[in-house]
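Q: next come a sequence and a model predicted from it.
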Amino acid sequence: EPEVTQTPSHQVTQMGQEVILRCVPISNHLYFYWYRQILGQKVEFLVSFYNNEISEKSEIFDDQFSVERPDGSNFTLKIRSTKLEDSAMYFCASSEGTSGGGGVDTQYFGPGTRLTVL
Amino acid sequence: ILNVEQSPQSLHVQEGDSTNFTCSFPSSNFYALHWYRWETAKSPEALFVMTLNGDEKKKGRISATLNTKEGYSYLYIKGSQPEDSATYLCAFFQAGTALIFGKGTTLSVSS
């Protein structure tokens, strides 16, 4: 069964460094998402991406963050100048887009990347 | 601020027990309600996407109901098994926003 994959599974970085989190969505999906979960808190939406551009983003997704689909398979989240409070589990998800995307389609999640900022 | 609440936060049942938990969400501008099953160290697994008031969905021993007018959904597990142990997340989608998650209900099933 197709699945969303994410690399690395765990990333440790120093405060102020840039990190790139990578995701390979399911191949025929059209919508891509990033979420994060800070330990002990709710899963939070960061950004959705469709047709090579951001379709929605949350208040969390400020200028420190960017997303890119550099080729036909990868979807990346870049965090510039990481802060201690960026430490979280970051999840990538994708959906087919048959229902117009957004919150109506089933979203398939990857296993997450645990980011630790020291 | 849109808020999704899940209760109870955790529960522990014996194998064979049936159980249910609640997801509460804003009743205005409802678009969809998602349920996910999340086992430790694995990807959250989609269970249901519910869009219509009165909707009932079923997947094996797990079922869910939806009341959009009063803003709640119930998830039921019939005859719980140890492999049902997981955190069950609900997420609400309101038109023009994004998925808003509850904190989850963590279920532990003892054999």
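A: Thanks, I have the structure now.
Q: residues contacting residue A:114?
A: Residues counted as contacts of residue A:114 (C-beta atoms under 8 Å, 6 or more residues apart in numbering or on different chains) are A:9-11, A:88-90. Bear in mind the C-beta positions are built from the backbone N, C-alpha and C, glycine included.
Q: can you select the buried ones from those residues in ChimeraX?
A: Buried subset of these, written as a ChimeraX selection, criterion 16 or more other C-beta atoms under 10 Å in any protein chain shown:
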select /A:11,88,89,90
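Q: can you redo the contacts of residue A:114 as TSV with secondary structure and distance to residue B:22?
A: Converted to TSV, the contacts of residue A:114 look like this (DSSP: H, G, I helix; E, B strand; the rest coil; distance: C-beta to C-beta, whole Å):
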residue	secondary structure	distance to residue B:22
A:9	coil	33
A:10	strand	34
A:11	strand	36
A:88	strand	27
A:89	strand	25
A:90	strand	28
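Q: which members of the contacts of residue A:114 are the farthest-apart pair?
A: A:9 and A:88 (14.0 Å; C-beta to C-beta).
Q: can you tell me the residue of chain A closest to chain B?
A: At 2.4 Å from chain B, residue A:103 is the closest residue in chain A, using C-beta to the nearest C-beta.
Q: residues in contact with that residue?
A: The contact partners of residue A:103, by C-beta under 8 Å, 6+ apart, come to B:31-32, B:34, B:91, B:93-94, B:97-99.
Q: circling back to that earlier point, which among the contacts of residue A:114 gets closest to residue A:33?
A: Scanning the contacts of residue A:114 for proximity to residue A:33, where the rule is C-beta to C-beta, the winner is residue A:90, at 10.9 Å.
Q: do you know how far residue B:67 is from residue B:30?
A: According to C-beta to C-beta, to the nearest Å, residue B:67 and residue B:30 sit 10 Å apart.
Q: the more surrounded of these two?
A: Between residue B:67 and residue B:30, counting by other C-beta atoms under 10 Å in any protein chain shown, residue B:30 is the more crowded of the two (20 against 14).
Q: residues contacting the closest residue to residue A:111 other than its chain neighbours?
A: Counting by C-beta to C-beta, 6 or more residues apart in numbering or on different chains, residue A:111 lies nearest to residue B:43, which is 4.7 Å off, once chain neighbours are set aside. Going by C-beta under 8 Å, 6+ apart, residue B:43 touches A:3-4, A:91, A:108-112.
Q: the lowest-mean-pLDDT helix or strand in chain A and chain B, any residue contact?
A: Lowest by mean pLDDT, DSSP states H and E among the helices and strands of chain A is strand A:53-57, with a mean of 92. Yes: if you take C-beta under 8 Å from any C-beta of the partner chain as the test, strand A:53-57 does meet chain B, through residue A:56.
Q: now do the strands in chain A.
A: A:5-7, A:10-13, A:19-24, A:31-37, A:43-50, A:53-57, A:65-68, A:75-79, A:88-95, A:108-109, A:113-117 (DSSP state E).
Q: the fifth one versus strand A:75-79: what angle between them?
A: Put plainly, it is strand A:43-50. On the basis of axes from the mean of the first three to the mean of the last three C-alpha atoms, to 10 degrees, strand A:43-50 is oriented at 120 degrees to strand A:75-79.
Q: what does strand A:43-50 contact?
A: Under C-beta under 8 Å, 6+ apart, the answer for strand A:43-50 is A:30-38, A:54-58, A:60-61, A:65, A:67, A:69, A:75, A:77, A:91, A:97, A:101-102, B:44, B:89, B:91, B:98-101.
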